[in-house]
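**Student:** Return a 3D structure for these sequence lines:
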Amino acid sequence: MTDMFADEPRVLPLRMWREPLPVLDEAGVARVHGAALDVLDRVGVVVRSASIRAELAARGVRVDDASQRVRLTRAEVEAALGSAPSAYTLAARDPRADLALDGRHGWLSTDGSAAEIVDLDTGGRRATTLADLAAVSRLADAVPEIGFLWQSAEAGDIPVAVRPLHELRAQLTESSKHVQLMTAVNAFQAEGAVELARAVVGGAEALRARPILSSFQVSLSPLTFEGGAVEAAVVYARAGVPAGFVAMPIACATAPATATGLVVLSHAELVAGVTILETLVLGAPTFYGACGTCMDLRTGLVTCGGPEDLLVQMASSQLGHAIGLPVSIGTFAPGSKAPDWQAGLENGLSGFASLVSGADMCSGAGLLYAARTFSHEEMLLDAEAWALLASLARGLSVTDEDLAVDAITAVGPAGDYLMEDHTLANMRRLWQPRFFDRRTWEEWEAAGRPDAAARARARVRALLASHEPLALPDGVPAELDRIVGSFESRAGLG
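**Tutor:** Numbering: from 1, shown residues only. Predicted structure coming up:
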C-alpha cells in the first residue's frame with residue numbers, strides 16, 4: 001500500500017494568513033504601546049542584578065540601586081527597538097530544518113518544562129526524567145509539524161545547577177532540529193549551553209553564523225527580572241545566540257483583571273527586556289514572547305484555553321510585530337487533563353487564533369493540564385491540528401489545473417470523476433489525517449471503538465521504535481560529555 005505521507009517535508013510551516021486578523025485597531029495598538037511606555041518611564045522594572053544595573057547606568061539609563069529599579073524613557077526604548085533585527089534564521093543541524101523568522105511563516109514547537117508525564121505504558125502520571133526528554137526529543141525530530149524544540153519534559157533526576165546542560169546535550173543528540181533553550185536561567189548555565197552548541201557546529205564563529213540554539217528568559221510578573229535571567233540573556237546575545245523574552249502574567253493574580261490591562265503589563269515587560277538587552281548588546285537577535293493567561297476564579301489555577309487567553313495571544317502578536325520583532329505566542333496547552341473534547345476545542349480555537357494572528361513561533365505542542373503534564377499522544381494530536389491549519393492557510397489556487405474546467409467539460413452532467421486523469425493527478429493534494437476516524441460505524445466497532453488518542457499512541461510507539469535521528473559528527477558526543485563534566489565540576493558536583 002502506498003504511504004500517503006511518504007513525501008512529508010522535514011518541517012511544516014504555517015504560511016501566514018494574508019492579512020492577520022486584528023483584535024486591536026491602529027489606534028488601540030498605539031494606546032497599548034503608549035500605556036506600556038508610560039509604565040516603563042514612571043514605574044520601571046526591577047532588575048535583580050547589580051552588574052546589569054551598573055552597565056545600564058554607565059550608558060545613561062536611570063537606575064535606582066536602593067530599589068533595584070530601572071526606568072526607561074521613550075527615546076531609549078525606540079533606539080533599542082530600532083537596533084533589533086526584524087528577521088533572521090533559526091538554524092538547525094540539518095539545514096533542511098532551518099526556520100526563517102521572516103514574517104511569512106509560522107513554526108510550531110513542543111511545549112516546555114513539564115514536571116510530569118503521562119506514562120506511555122500505564123497511562124498514569126509520574127515525574128519526568130532526562131530519559132523522557134530524550135525520547136520526546138527523538139519523537140519530535142520525527143514529526144514534520146514540529147519545527148523546533150523546547151524542553152518538553154524536565155530532567156527531574158539531574159541536579160538543578162547543571163540540568164539545562166544535560167537537557168541540551170540530550171536534545172542535540174536526539175534531534176537535528178533547532179533547539180530553543182528555556183531552562184538555562186543564569187550566566188553559568190548560559191555559558192555551558194553556548195559551549196555545547198559551539199562544539200556541535202565547529203566553534204564560536206560557526207555558531208554566530210548558524211545559531212542552532214536560541215533561548216529566552218521569562219519576566220517575573222509584575223515588572224521584575226531575576227538577575228540571573230538578564231545576565232544569561234546577555235551571555236547568549238554576545239555569543240550570537242538569539243535571546244528572546246517571554247512574559248507569562250496571570251490576570252487577577254500577577255496582572256490586572258482586564259485582558260487589556262494584562263496585555264499592557266506583558267508588553268511593558270517584554271519591551272523592557274528587549275530594551276535592556278539591546279542597550280547592552282547592540283543589534284542582538286531577540287524576540288517578543290507572550291504567554292499570558294488568567295486565574296480561574298473557582299480554583300485559583302490558570303485558565304489556559306479561555307477566550308481571554310486567545311485575545312491576549314492575538315493582541316500580543318499584533319504588538320510584537322508593530323514594534324518590529326519576531327513574535328512567539330502560546331499555542332495549544334489546554335486546561336484539559338486528557339486528549340478529549342475539551343482539549344480538542346481549546347486547542348482548535350488556540351491554533352486558529354495563532355493562524356489568524358500571524359505569529360512567527362507557536363509554542364507549543366504536547367502539554368495538558370494547563371501546561372503541567374506532557375503527553376506523547378497529545379503532541380501528535382497537536383501536530384495533526386497544525387497540519388490541518390497549514391492546509392487551511394494555503395488557501396485556494398486559481399491555476400488552470402485548479403479551476404478544472406477541462407475536467408468538468410469532459411465529465412459533463414450526471415457523470416463522476418472517479419476515473420478521470422485529473423482526479424489521479426490531484427487527489428493526493430487533499431489533506432489526509434492520521435488520527436481522524438473516517439471509517440464506517442461497523443468498521444470502527446469491529447476495531448474496538450478506538451479514539452484518536454489510541455491511534456496517536458500506536459503512532460508514538462512506532463516512531464520511537466523506528467526513528468533514528470541524524471548522528472552527531474565523530475568525536476562530538478565525547479566533547480559534549482567533557483563540557484558537561486567540566487561544568488559539573490565547576491558547580492561542585494564532579
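
**Student:** middle-most residue in this structure, spatially?
**Tutor:** With distances taken as C-alpha atoms, centre = their mean, residue 363 lies nearest the centre of the chain, 2.9 Å away.

**Student:** any idea which element that residue lies in?
**Tutor:** Using DSSP states H and E, residue 363 maps to strand 361-365.

**Student:** swap in residue 157?
**Tutor:** Assigned by DSSP H and E, residue 157 belongs to no helix or strand.

**Student:** pLDDT score assigned to it?
**Tutor:** The model reports residue 157 with a pLDDT of 98.

**Student:** now do residue 494
**Tutor:** pLDDT, residue 494: 69.

**Student:** distance of the residue nearest to the centre of the chain from residue 291?
**Tutor:** With distances taken as C-beta to C-beta, to the nearest Å, residue 363 is found 8 Å from residue 291. No exception for glycine: its C-beta is placed from N, CA and C like everyone else's.

**Student:** Quick check: neighbours shared by these two?
**Tutor:** Common neighbours of residue 363 and residue 291 (criterion: C-beta atoms under 8 Å, 6 or more residues apart in numbering): 329-330.

**Student:** correct me, but residue 267 touches residue 31?
**Tutor:** No - between residue 267 and residue 31 there is no contact under C-beta atoms under 8 Å: 11.1 Å.

**Student:** more neighbours, the two?
**Tutor:** More crowded of residue 267 and residue 31, by other C-beta atoms under 10 Å: residue 267, with 28 against 14.

**Student:** Name the nearest residue to the more buried one, ignoring sequence neighbours.
**Tutor:** Excluding the flanking residues, the one nearest residue 267 by C-beta to C-beta, 6 or more residues apart in numbering is residue 36, at 4.2 Å.

**Student:** For residue 185, see how far away that neighbour is.
**Tutor:** To residue 185, residue 36 is 24 Å away according to C-beta to C-beta.

**Student:** and what of residue 69?
**Tutor:** Distance from residue 69 to residue 185, by C-beta to C-beta: 21 Å.

**Student:** between the two, which one's more packed in?
**Tutor:** residue 185 (21 against 16).

**Student:** just to revisit the earlier point, nearest spatial neighbour of the residue nearest to the centre of the chain, skipping sequence neighbours?
**Tutor:** Nearest non-adjacent residue to residue 363, counting by C-beta to C-beta, 6+ apart: residue 109, 4.4 Å away.

**Student:** Please save the CA atoms from the helix or strand where the one you found lies in CSV.
**Tutor:** Take DSSP H and E as the rule and residue 109 turns out to sit in strand 105-110. Taking Å, rounded to 0.1, in the frame of the first residue of the first chain, the C-alpha atoms of strand 105-110 are listed here in CSV:
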residue,chain,number,x,y,z
HIS,A,105,6.0,31.6,8.2
GLY,A,106,4.8,30.3,11.5
TRP,A,107,6.6,27.4,13.2
LEU,A,108,5.4,25.0,15.9
SER,A,109,7.4,23.9,18.9
THR,A,110,6.9,21.4,21.6
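
**Student:** Show me what it is packed up against.
**Tutor:** Packing partners of strand 105-110 (3 or more C-beta pairs under 8 Å, 6 or more residues apart in numbering; DSSP states H and E): strand 14-15, strand 146-149, strand 361-365, helix 376-393.

**Student:** and the shortest one, how far out from the chain's middle?
**Tutor:** Read it as strand 14-15. 14 Å (C-alpha atoms, centre = their mean, to the nearest Å).

**Student:** who does it pair up with?
**Tutor:** Paired strands of strand 14-15, with direction, are strand 105-110 (antiparallel) (DSSP bridges).

**Student:** List of residues touching the partner strand?
**Tutor:** With C-beta under 8 Å, 6+ apart, strand 105-110 has contacts from 11-16, 90, 99, 136, 140, 145-150, 152, 180, 331, 354-355, 358-366, 379, 382-383, 386.
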